[in-house]
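Engineer: Everything below, folded, please.
(chains A and B)
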Amino acid sequence: MNVSAKSALGELRAPRVQWSAFVPVLLCALLAAVAQWVPDGVENESHAPFIALLALLGAIGVIERRKQSARDILTLVVVLLGAWEIATAKAATSVHFLFPTPEMVLHVYLTDYAQIGKNIATTSLFLLCGFISGVAAATLLGIIVGWSVRAKKILLPIVKVLTPIPPLIYTPYLIVLMPSFFWASVAIIFLSVFWGIFLSMIFAVSGMDQKLIDMATTLNVNRAQLYFHILLPYCLPHAMDRLQQAITAAFMVLFNAEMIGNAFSGVGWYIAWNARFADYTKVVAGIFIAGVFVVLLKSILRRARSAVVRWR
Amino acid sequence: MRRALNILYKLLPHALFLALMGMMGVILQRGDRDWAALRPMLALAVLMEAIVLLRAKRWETAGIFSILFGVLILWQAYASFMNTSVSFLFPPPDKVVAVLVKDIRLILHSILASFWLLLLGFALAVVLGVALALLCGYNRRLQNLVVPIADVFSAIPALVYAPYAVAVFPSFWLAALFVIASGLFWPILINTIQSINSIDRTLLDSARALDLNRRDMILRILLPYCTPGLFNTFTMQISSAFMLLIGAELMGMTSGVGWYVKYNSDFSNYTKVIAGFIVIGVLVSLVNAGLDLLKRRLLMWTNMEGRA
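Structural biologist: This is a model prediction of the structure:
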């Protein structure tokens, strides 16, 4: 086959439009048109933010048009959004207090952003303090206990009983016991993170390859070097694996503490507070914020894991 | 020297037991409690001492029970000798044990209610999660659609939407069931899909060569293949299941172990709150041990699974 024939074949193939590639984009445009021009059955906020959101989704659809999975997911998201929009805004005749329209939820973000930002900041601060202290303490103590055969034998049965107790249950008690809500939250997050990582560190150290330890002994390392240059790097990946699970648990307990405690700030408080006043538009908005927050946290953790544990 | 230390170590739990008993005697002498109120605590101490004597051959027994006795002594000493003013916040262990014995009917009832809810939620999540995972294992496109979504949703703690679920569902019980089931559903789905994906290609190919239909393929090949992995998933998820259960019960249920703790903490009865902690700890440990046993019975062919 000569060169011109090849290019001709390429040209033949290139212009073939795959219609399925543009399904999500077309759906976005359709839904935007419906939102804009089909009259609302209920009293609604401005359509502009909703259409902007659809435009964003459509843009993602154009960028990711070659990936089938991305297309499928976008299609699903747009269909769900459309069902939500049509069910609550177009087909309904009055706004049900439990089911706000998407426009109303987006409107909350545009008007209430200062408070939401403040709540996110509070939650992040609490989470950070409790999480870092819990992970650090668990990793160090776990390595020390895991290294000592005797300490392990004595402590393991006790730790095994303590580990699975859901730390949520301590919440009401710690809130009273601790001097302030901050300390209560940090203590609860600490407890929720500590036991699981502590246990997995003990197992990681005891599952370590004997050859590595023998080699270290041959090289005549001292105690500190053993802990910080051999055991810690060996166990770090195990700890990092656990972090994903731990952050969900930490978020769960913090969230719960904010809901039942005497907090006056935080994402959980925002949801619980507005649920108390039956302002479910803000509740739904808060739930979305919480979801995005956790997903972002987790992806940051995943990045951090691959950055810290480069040797794996 | 080493020998002496070893003997000291062996004697330590007995010495601490005697110290605890002595402390009880002092409390009786002072007249803080009468004999009947102290009886459950004495029974517990004697029971622990009996276990020490029975399992004296194991080296670690002495250490474990020294710690337990030590904690009890410190706790009792702090609560009843040093800091009597806050004893309502920090009740001594003898009161906690006494409450455990006194409230046993209510506690058992709460345990049953919790278990029922947990079991239903777990079963619902397992049935739905495994069914969808099997479909995903069969259909690659569906899998590519579901996995990213499940990744996102499994990250979100189910308790986040609890207040909304309470409002939407007709009863607290249904809302709690929904929260538990949805919290377990996504992780179970992901783990099952992963374990199906790890199936040996040649196994699938030979199944295809035998011309199996879709039903047999799913039920006879994929399902048995992922059962051991499923068990591991269960044991991993059981602690998060308890977490969700407690969270759901704290939310506003009127029965269950979590309710017992929340209800009593609302009345500032912290003796009962701590009794509730102990009940939950024992309960969760028992469930874990039971699952372990079941796994060893049911999956005898996977020898490597038992070691961890």
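
Engineer: domains for chain B, by residue range?
Structural biologist: Split into domains by automatic domain parsing, chain B comes to B:2-87, B:104-306.

Engineer: Low-confidence bits of the stretch 101-250 of chain B, can you list those?
Structural biologist: Within the stretch 101-250 of chain B, no range satisfies pLDDT under 70.

Engineer: swap the cut-off to 90 and go again
Structural biologist: For the stretch 101-250 of chain B, the stretches flagged by pLDDT under 90 are B:101-104, B:114-115, B:118, B:122, B:130-131, B:133-173, B:176, B:183, B:187-188, B:190-250.

Engineer: Same check on the stretch 1-150 of chain A?
Structural biologist: A:1-78, A:81-82, A:84-105, A:107-113, A:115, A:139-140, A:142-150.

Engineer: cutoff 70 now
Structural biologist: In the stretch 1-150 of chain A (pLDDT under 70), the answer is A:1-18.

Engineer: Can you name the residue of it nearest to chain B?
Structural biologist: Nearest residue of the stretch 1-150 of chain A to chain B: A:S69, at 3.6 Å (CB to the nearest CB). Every residue, glycine included, has its C-beta placed from N, CA and C.

Engineer: Of all the domains of chain B, which one comes closest to A:E85?
Structural biologist: domain B:104-306 (18.5 Å; CB to CB).

Engineer: now B:I107, nearest residue through space, not along the chain?
Structural biologist: Nearest in space to B:I107, with sequence neighbours left out and distances taken as CB to CB, 6 or more residues apart in numbering or on different chains, is B:V279 at 5.7 Å.

Engineer: What is the neighbour count of that neighbour?
Structural biologist: 22 (other CB atoms under 10 Å in any protein chain shown).

Engineer: now swap in the one 5 residues further on and tell me
Structural biologist: Counted with other CB under 10 Å, the neighbours of B:V284 add up to 23.

Engineer: Give the buried residues for the helix or strand that it is a member of.
Structural biologist: Following DSSP states H and E, the helix or strand that holds B:V284 is helix B:270-298. Across helix B:270-298, burial judged by 16 or more other CB atoms under 10 Å in any protein chain shown covers B:270-281, B:283-285, B:287-288, B:295.

Engineer: Could you do stretch A:197-206 as well?
Structural biologist: Neighbour-count burial for stretch A:197-206 [16+ other CB under 10 Å]: A:I197, A:F198, A:L199, A:S200, A:M201, A:I202, A:F203, A:A204, A:V205.

Engineer: Over to stretch A:152-160?
Structural biologist: For stretch A:152-160, by 16+ other CB under 10 Å, it's A:K152, A:I154, A:L155, A:L156, A:V159.

Engineer: Any chance of JSON lines for the residues you listed, columns distance to A:N44, secondary structure and pLDDT?
Structural biologist: Listed next are the buried residues of stretch A:152-160 as JSON lines, based on distance: CB to CB, whole Å; DSSP: H, G, I helix; E, B strand; the rest coil; pLDDT from 0 to 100:
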{"residue": "A:K152", "distance to A:N44": "63", "secondary structure": "helix", "pLDDT": "86"}
{"residue": "A:I154", "distance to A:N44": "65", "secondary structure": "helix", "pLDDT": "86"}
{"residue": "A:L155", "distance to A:N44": "60", "secondary structure": "helix", "pLDDT": "87"}
{"residue": "A:L156", "distance to A:N44": "60", "secondary structure": "helix", "pLDDT": "86"}
{"residue": "A:V159", "distance to A:N44": "55", "secondary structure": "helix", "pLDDT": "85"}
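
Engineer: The helix holding B:V284 - contacts with which helices or strands?
Structural biologist: helix A:149-162, helix A:171-177, helix B:93-102, helix B:104-138, helix B:223-252, helix B:257-266, helix B:303-306 (3 or more CB pairs under 8 Å, 6 or more residues apart in numbering or on different chains; DSSP states H and E).

Engineer: the inter-axis angle of the third one versus helix B:257-266?
Structural biologist: With axes from the mean of the first three to the mean of the last three CA atoms, to 10 degrees as the basis, helix B:93-102 and helix B:257-266 are set at 130 degrees to each other.

Engineer: residue contacts, the nearest residue to A:G291 once chain neighbours are set aside?
Structural biologist: Leaving aside its sequence neighbours, A:G291 sits nearest to B:I156 (CB to CB, 6+ apart; 4.5 Å). Going by CB atoms under 8 Å, 6 or more residues apart in numbering or on different chains, B:I156 touches A:A290, A:G291, A:V294, A:V295.

Engineer: Swap in 7 Å and give it another go.
Structural biologist: A:G291, A:V294, A:V295 (CB atoms under 7 Å, 6 or more residues apart in numbering or on different chains).

Engineer: Please identify which of these is nearest to B:G70.
Structural biologist: Of the contacts of B:I156, the one sitting nearest to B:G70 (CB to CB) turns out to be A:V294, at 39.5 Å.

Engineer: and the closest one, how many neighbours?
Structural biologist: 21.

Engineer: again with B:F169
Structural biologist: B:F169 has 15 nearby residues by other CB under 10 Å.

Engineer: ok so, going back, surely the residue nearest to B:I107 meets B:V261?
Structural biologist: No - B:V279 lies out of contact with B:V261 (CB atoms under 7 Å); the separation is 8.8 Å.

Engineer: Against B:F69, how distant is the residue nearest to B:I107?
Structural biologist: 21 Å (CB to CB, to the nearest Å).

Engineer: and what of B:E49?
Structural biologist: In terms of CB to CB, B:E49 sits 9 Å off from B:F69.

Engineer: Spit out the residues that contact the two alike.
Structural biologist: Joint contacts of B:E49 and B:F69 (CB under 7 Å, 6+ apart) are B:F17.

Engineer: and the gap between the closest residue to B:A158 other than its chain neighbours and B:A165?
Structural biologist: Nearest residue to B:A158, sequence neighbours excluded (CB to CB, 6+ apart): B:G183, at 3.1 Å. Distance of B:G183 to B:A165, given as CB to CB: 11 Å.

Engineer: ok, these two, which is more surrounded?
Structural biologist: Taking neighbours as other CB under 10 Å, B:G183 and B:A165 compare with B:G183 leading, 31 against 22.

Engineer: What is the neighbour count of the spatially closest residue to B:S198 that is not a sequence neighbour?
Structural biologist: Spatial nearest neighbour of B:S198, chain neighbours left out: B:G229 (7.8 Å); criterion: CB to CB, 6+ apart. As a burial measure, B:G229 scores 17 neighbours (other CB under 10 Å).

Engineer: Just list the residues touching residue 63, thanks.
Structural biologist: I went with chain A, as the question did not name one. By CB under 7 Å, 6+ apart, A:I63 has no neighbours at all.

Engineer: um, chain B though
Structural biologist: Here B:G63 is in contact with A:I154 (CB under 7 Å, 6+ apart).

Engineer: Could I get the pLDDT score of it?
Structural biologist: Listed pLDDT for B:G63 reads 87.

Engineer: So which residues on the stretch 151-300 of chain A come close to chain B?
Structural biologist: A:153-154, A:157-158, A:161-162, A:164-166, A:168-169, A:172-173, A:176-177, A:203, A:248-249, A:251-252, A:255-256, A:260, A:271-272, A:275, A:280, A:283-284, A:287, A:290-291, A:294-295, A:298 (CB under 7 Å from any CB of the partner chain).
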